[in-house]
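> With the sequence up front, the predicted model follows.
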Amino acid sequence: MGVLGIDIGTNGCKGVLIDSEGRICGTSYKEYSMYFPQTGWVEHDPEEVMSTVIEVIKGTLRDARCEGEAVEAVGLCSHMHSPTFVGKDGRHLYNMIVWLDQRSVKEAKYIKDKYGEVVYQETLNPITATFTLPQILWMKRHKREIYDKSWKILQPKDYVAFRMTGEAYTDRGMATSTLLVNIHTLEWSNKILELFEIDREKLPDIVNATNIIGEITEEFSEYTGISRGTPVVAGSGDAIAECFAAGIKREGDLLLRMGTAGALFVAVEKPVEEPTRSMFNFGYAIPNVWLAIATTQTCGLSLRWFRDVFCRKELEEAERRGISVYEILNKMAEGVPAGSEGLIFHPYLIGERGIYWDPYLRGSFVGITASHKLDHFVRAVMEGVAFSLRDALRPLEHLKIGLREVKLIGGGSKSKVWREIVSNVLNIEVHIPTFVDASLGSALLGAVGQGIFKNMEEAVEKTLKIGTTVKPNIESVEKYNKIFEIYREIHDGLEGINHRLVGLQESK
């Protein structure tokens, strides 16, 4: 017997089956298509998503060599603020609008210009086109009949849960990612709903992430083999499920994901209101805990870009030797002292989020001399990314929220030299789990909801294993503190120049 976790991601769906000891018994993954009907538009076909979910469930059970009857409960998570408009017959009226979609830029600007202070004080979240509120306003303006016919507006995992159970709910974490919820009460904001004339009955009721929201229907049982009546737990957003699996629970706990972009999730005892208004605030899967979230635009992408543009010889060598090119790049970086002998990189290759939210910032290498070799540039890229992560966390310093424990995940965490750099730049001990991901988090939410584990502590005790711990080096910490000050000054000095450069390009 086990719990099935389903992660409905931006690119595809992953399933994992765990037993009562938290051991992984089976996994499966399958991609679905992403559609771009117009420039800046990004959509999923909800029917394709559902068929993929069904195939992933079957694949996970096959991998675990068990039948659907072995599933005791189902937990869900998904990418966030990506609404599906559902009619009274339970079918979608329009494709799922994915969070990457930028069609509602004008609506977001309207909200910010006219009601920015009201919306911010209610939600404590930046106002961007990625959120559900401007997406709903776009639908009301351009496809009014779709909005009017909508019975419910559901986020991805809530839509899938509805198709599994016939019940429509969302959780506090997912709901706070919409710009429609009061961040303090974690309920739909009457003020925002009235301000923008959004019907409350079109939104699902909000529950805890570990609440059972329904049972597998006869129809879905026939599709998958999971027994009719099997409990389905609400689950949450993918980032929240990932934090749950990593054991993020007390103020100052940080999950740092070094993926294509950088993401930093900090547990806080109350929502964070800070001067830059750059951090997101989401509800969490644990009562009386919120997540303060900072993001950077490029993390692993920076090293990948450098590899592709400047490391042709290293790529050829890696192919010849049958190894990853990153093994070569890591060794090159290890041979260079902390600080890259005066070479500083700003990873603003496609603008920057963090505390700036400035699409016109541009990347740079500063301090180049004739003595610098390719090795220095590799290390400088890694250090620049680490500085950008520290920069994104600066609002917490203003609020005197100290980091207590850091878990590091993502592709960048696999590099020994890069995780040492991060530990030294942040001046904190860093723990690298052997395995943490959103699908596991969704399974653990399901297991807690079903009572297989009493709470997060018991669930994480069974599943979370730390593979490596990195402690900061005092000498390197002191050096990086001084360099970080210069890193910040370079940003300030080049900001206006970057904007002028972009202006010149756009005027062609």
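Great, that's in hand. Numbering: from 1, shown residues only.
> Spell out the secondary structure type for Phe162.
Following DSSP: H, G, I helix; E, B strand; the rest coil, we place Phe162 in the helix state.
> and it, how many residues sit next to it?
21 (other Cβ atoms under 10 Å). Backbone N, C-alpha and C define where each C-beta goes, glycine included.
> ditto for the one 3 residues further on
Counted with other Cβ under 10 Å, residues neighbouring Thr165 total 20.
> same thing with Ile350?
Ile350: 15 neighbours (other Cβ under 10 Å).
> got the contact list for Ile401?
If you count contacts by Cβ atoms under 8 Å, 6 or more residues apart in numbering, Ile401 has them with Glu251, Gly252, Val266, Val268, Val272, Ala292.
> Output these as JSON lines; include the columns distance to Ala333, pLDDT and secondary structure.
Shown next, in JSON lines, are the contacts of Ile401 (distance: Cβ to Cβ, whole Å; pLDDT from 0 to 100; DSSP: H, G, I helix; E, B strand; the rest coil):
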{"residue": "Glu251", "distance to Ala333": "34", "pLDDT": "93", "secondary structure": "coil"}
{"residue": "Gly252", "distance to Ala333": "29", "pLDDT": "93", "secondary structure": "coil"}
{"residue": "Val266", "distance to Ala333": "27", "pLDDT": "95", "secondary structure": "strand"}
{"residue": "Val268", "distance to Ala333": "33", "pLDDT": "95", "secondary structure": "strand"}
{"residue": "Val272", "distance to Ala333": "34", "pLDDT": "91", "secondary structure": "coil"}
{"residue": "Ala292", "distance to Ala333": "31", "pLDDT": "94", "secondary structure": "strand"}
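> Farthest pair within those residues?
Farthest-apart pair in the contacts of Ile401 is Gly252 and Val272; separation 12.3 Å (Cβ to Cβ).
> For the two, indicate the residue with more neighbours.
Set Gly252 next to Val272 and count neighbours by other Cβ under 10 Å: Val272 wins out with 22 against 17.
> pretty sure the more buried one contacts Met279?
Yes. Checked against Cβ atoms under 8 Å, the pair Val272 and Met279 is within contact range at 5.6 Å.
> what sits in contact with each of the two?
In contact with both Val272 and Met279: Ala292, Pro395, using Cβ under 8 Å, 6+ apart.
> Next, Leu329: secondary structure please.
Leu329 carries the three-state label helix when classified by three-state DSSP.
> what kind of secondary structure is the closest residue to it other than its chain neighbours in?
Setting aside the residues directly before and after it, Leu329 is nearest to Val378 in space (Cβ to Cβ, 6 or more residues apart in numbering), at 5.2 Å. Classification of Val378 using three-state DSSP returns helix.
> Ok, Val425 next?
helix.
> cool, and Tyr223?
helix.
> wait, what's in contact with it?
Ile54.
> Next one, pLDDT for it please.
pLDDT recorded at Tyr223 is 96.
> That one and Thr165: what is the separation?
13 Å (Cβ to Cβ, to the nearest Å).
> residues contacting the closest residue to Ser364 other than its chain neighbours?
Closest residue in space to Ser364, ignoring its immediate chain neighbours: His346 at 4.9 Å, by Cβ to Cβ, 6+ apart. Listed by Cβ under 8 Å, 6+ apart, the contact set of His346 reads Leu361, Gly363, Ser364, Val366, Gly384, Ser388, Tyr487, Ile490, His491, Leu494.
> Let's see that with 10 Å instead.
302, 352, 361-366, 380, 384-385, 387-388, 391, 487, 490-491, 494, 498 (Cβ atoms under 10 Å, 6 or more residues apart in numbering).
> TSV for the contacts of Ile401, including distance to Ser189?
Converted to TSV, the contacts of Ile401 look like this (distance: Cβ to Cβ, whole Å):
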residue	distance to Ser189
Glu251	25
Gly252	28
Val266	24
Val268	20
Val272	18
Ala292	19
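> Closest one of the residues you listed to Ile192?
Checking the contacts of Ile401 one by one against Ile192 (Cβ to Cβ), the nearest turns out to be Val272, at 19.4 Å.
> Quick check: that closest one touching Leu399?
Yes. When contacts are counted by Cβ atoms under 10 Å, Val272 is listed as touching Leu399 (6.2 Å).
> anything in contact with each of the two?
Counting by Cβ under 10 Å, 6+ apart, the residues touching both Val272 and Leu399 are Met279, Ala292.
> Report the contact partners of Glu201.
By Cβ under 10 Å, 6+ apart, the residues touching Glu201 are Ser150, Trp151, Lys152.
> wait, which of these is closest to Glu31?
Set against Glu31, the nearest of the contacts of Glu201 by Cβ to Cβ is Lys152 (26.7 Å).
> can you give me the helices in the stretch 201-350 of the chain?
Using DSSP state H, counting those that start in this stretch, the helices of the stretch 201-350 of the chain run over 218-224, 238-245, 300-310, 312-321, 325-334.
> Give me the buried positions along the longest one.
For helix 300-310, a neighbour-count test (16 or more other Cβ atoms under 10 Å) marks Gly300, Leu301, Ser302, Leu303, Arg304, Trp305, Phe306, Arg307 as buried.
> which one is Gln235 nearest to, not counting chain neighbours?
Careful, residue 235 is Gly and not Gln. In space, Gly235 is closest to Leu76, 3.6 Å off (Cβ to Cβ, 6+ apart).
> roughly how far apart are that neighbour and Pro231?
With Cβ to Cβ as the criterion, Leu76 and Pro231 are 12 Å apart.
> What of Lys249?
24 Å.
> Give me the pLDDT value at Lys508.
62.
> same check, this time on Arg200
Arg200 is given a pLDDT of 98.
> which secondary structure elements does the helix or strand where Met139 lies contact?
Met139 is located in helix 132-142, with elements delineated by DSSP states H and E. Other elements packing on helix 132-142 under the criterion 3 or more Cβ pairs under 10 Å, 6 or more residues apart in numbering; DSSP states H and E are strand 84-86, strand 96-97, helix 105-123, helix 144-149, strand 152-154, helix 190-195.
> center of this structure - which residue?
Centroid-nearest residue in the chain, with Cα atoms, centre = their mean: Ala239, separated by 4.5 Å.
> Spatially nearest residue to it, not counting backbone neighbours?
Closest to Ala239 by Cβ to Cβ, 6+ apart is Phe265, at 6.2 Å.
> okay, now the one you found: neighbour count?
With other Cβ under 10 Å as criterion, Phe265 counts 24.
> Enumerate every residue touching it.
Counting by Cβ under 10 Å, 6+ apart, Phe265 has contacts 239-240, 242-243, 246, 248, 253-257, 280, 282, 284, 291-295, 407.
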